[in-house]
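Asks: model this:
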Amino acid sequence: MFKLTTVKAAVVGAVAVALIGGGVSSASAAITPSGSTSAYYVFDAATEALVADGAPIAFDQLVAGYPSDSGFSNYDQMFTGPAAASEVYVFVSPRGDERDTSKWLGRQMNGFNDPSAKTVLTPAMLLNNLAGSNYASVKANGGTFSAGIAFTSSYGVTVEDVSFVHITVQPGGSWSYVATEDDATGPVDPTDPSTTGEIDLEATTIAPTDGSLSLVVPAGAKATFGEATLVNGKSTSMASLPEVTVNDERVVSRKGWTLTQSVADFTNGTATIGATNLGVAPKVNATGTTSTGVSPAAAQAAGAATYPAPFAQAAAGAGVGVTKLGADLTLVAPSDAPAGTYTSKMTLTLVSK
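Replies: The predicted structure is shown next:
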């Protein structure tokens, strides 16, 4: 059995990955906030229980939005956005500014459950993960805000639709919410002249700006190889690379990016197994990926691998958003390699095109 020690690189754009071989009652009635398209309730993601109106929620507690006060564990109801929507964000804003992204205090990109149907399933409302230039004041000072999901276009600038709840944050971060329920009033006949009117609209738009390009590897990431077996007389073992994330927020320039891999030789004291014996088959993980146009590199075959080598790439105009990447690993030791525990290191390096 082979082992690879854990090593981390503290350099932006180059991250080392170590390899190792070896019941709650329903919420009370509430008036739908003006501007929210659908009902919105909050459930505890761990217990799948509805969080009651006014119940305290920790700032780093994982809760999720749902368009009904029941059926959360069945996942049979989703938020649905308009056809024009191309992105989804979880956001916190001042009340009344839900549809003005320039007024948002914090945001985090979410993904469509089905991009063609514009559906979103149980968006995570982990307030501790949102980001914004003034967002720290929300936790520090508290106040009354709105929180929910927004269907956007124009790279997160234009809000096409929004569903949210009113929240109250206490200084220090504990928060509570008031459920948004369906409006009970009946449909209005649009042909009735007493119920229609015209309003002139005027809006000033702002140009979007580029964000950053970054690579994220979980702290202490390591790949554990399964028990080695003899295949054609050679020790063979396999593993899965821990998931890594490329975040490309450059919504204007859309330059694309390249991710490369390098692997050090495996060592056990004075014994060595060359890196050429490690096969790597990169892949794009569908779950959590919101980007398009990302291509994994061709697999490196164990015994004939060459490093450094490409891992994945996004052409110019592609790759914007979140890309989740993984790989299948195969280690085939030479017949003359002494049995034992071997260590190595893989380094991933992200560069802009």
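
Asks: contacts for the helix or strand where residue 43 lies?
Replies: Secondary-structure assignment from DSSP states H and E places residue 43 in strand 41-44. Residues outside strand 41-44 that contact it (CB atoms under 8 Å, 6 or more residues apart in numbering): 27, 49-51, 57, 61, 63-69, 72, 122, 125, 165, 177, 179-180. From N, CA and C alone the C-beta is placed, and that goes for glycine too.

Asks: again, 7 Å this time
Replies: 27, 49-51, 63-66, 68-69, 72, 125, 165, 177, 179 (CB atoms under 7 Å, 6 or more residues apart in numbering).

Asks: right, and the helix or strand after it?
Replies: Counting by DSSP H and E, what follows strand 41-44 is strand 63-66.

Asks: what's the burial count for residue 348?
Replies: 23 (other CB atoms under 10 Å).

Asks: Distance of it relative to residue 251?
Replies: Going from residue 348 to residue 251 by CB to CB, to the nearest Å gives 24 Å.

Asks: got any ranges where this protein has weak pLDDT?
Replies: Within the chain, the stretches with pLDDT under 70 are 1-34, 182-195.

Asks: Give me the most central residue, it.
Replies: By CA atoms, centre = their mean, the chain has its centre lying nearest to residue 288, at 5.0 Å.

Asks: what phi and what psi does the backbone show at residue 277?
Replies: phi -90, psi 0 (degrees, to the nearest 10).

Asks: Tell me which residues touch the closest residue to it other than its chain neighbours, please.
Replies: Taking CB to CB, 6 or more residues apart in numbering as the measure, residue 277 lies nearest to residue 332, with 5.3 Å between them; neighbours along the chain are not counted. Counting by CB under 7 Å, 6+ apart, residue 332 touches 234, 236, 277, 302, 303.

Asks: The fourth one against residue 277, yeah?
Replies: So that's residue 302. Yes: Residue 302 lies in contact with residue 277 (CB atoms under 7 Å); the separation is 5.7 Å.

Asks: Mutual contacts of these two, please.
Replies: 331, 332.

Asks: The two: who's more crowded?
Replies: It is residue 277, of residue 302 and residue 277, that has more neighbours when counted by other CB under 10 Å, with 25 against 20.

Asks: Highest neighbour count among the contacts of strand 41-44?
Replies: Of all the contacts of strand 41-44, residue 125 has the most neighbours under the rule other CB under 10 Å, reaching 30 neighbours.

Asks: For that one, give its distance to residue 332.
Replies: Distance, residue 125 to residue 332, using CB to CB: 46 Å.

Asks: now do residue 66
Replies: 48 Å.

Asks: do the same with residue 228
Replies: Residue 228 is 10 Å from residue 332, where distance means CB to CB.

Asks: Find residues that contact each of those two.
Replies: Both residue 228 and residue 332 are in contact with residue 236, where contact means CB under 7 Å, 6+ apart.

Asks: my guess is residue 122 meets residue 67, correct?
Replies: No: judged on CB under 7 Å, residue 122 makes no contact with residue 67 at a distance of 9.7 Å.

Asks: residues contacting the residue lying closest to residue 316 once chain neighbours are set aside?
Replies: Among residues not flanking residue 316 along the chain, residue 256 sits closest, at 4.3 Å (CB to CB, 6+ apart). Residues in contact with residue 256 (CB under 7 Å, 6+ apart) are 314, 315, 316, 317, 318, 319, 353.

Asks: from those residues, which single one is nearest residue 211?
Replies: Of all the contacts of residue 256, residue 211 sits closest to residue 319, with 12.8 Å by CB to CB.

Asks: Tell me how many other residues surround the closest one.
Replies: The number of residues packed near residue 319 is 27, by other CB under 10 Å.

Asks: Mind jotting down where the helices sit in the stretch 101-250 of the chain?
Replies: Listed in chain order, the helices of the stretch 101-250 of the chain (DSSP state H, counting those that start in this stretch) span 136-141.

Asks: which stretches of it form strands?
Replies: Taking DSSP state E, counting those that start in this stretch, the strands of the stretch 101-250 of the chain run over residues 106-110, 119-120, 143-153, 158-169, 175-178, 213-216, 222-225, 229-231, 234-240, 244-248.

Asks: In the first one, which residues are buried?
Replies: With burial defined by 16 or more other CB atoms under 10 Å, the residues of strand 106-110 counted as buried are 106, 107, 108, 110.

Asks: The last one touches residue 89, doesn't it?
Replies: Right, the one you point to is residue 110. Yes: the pair residue 110 / residue 89 is scored as a contact, 6.2 Å apart, by CB under 7 Å.

Asks: what do the two both touch?
Replies: residue 149.

Asks: Give me the contact list for stretch 116-126.
Replies: Here stretch 116-126 has contacts from 42, 60, 62-66, 75, 78-83, 85, 88, 90, 110, 112-113, 147, 149, 151, using CB under 7 Å, 6+ apart.
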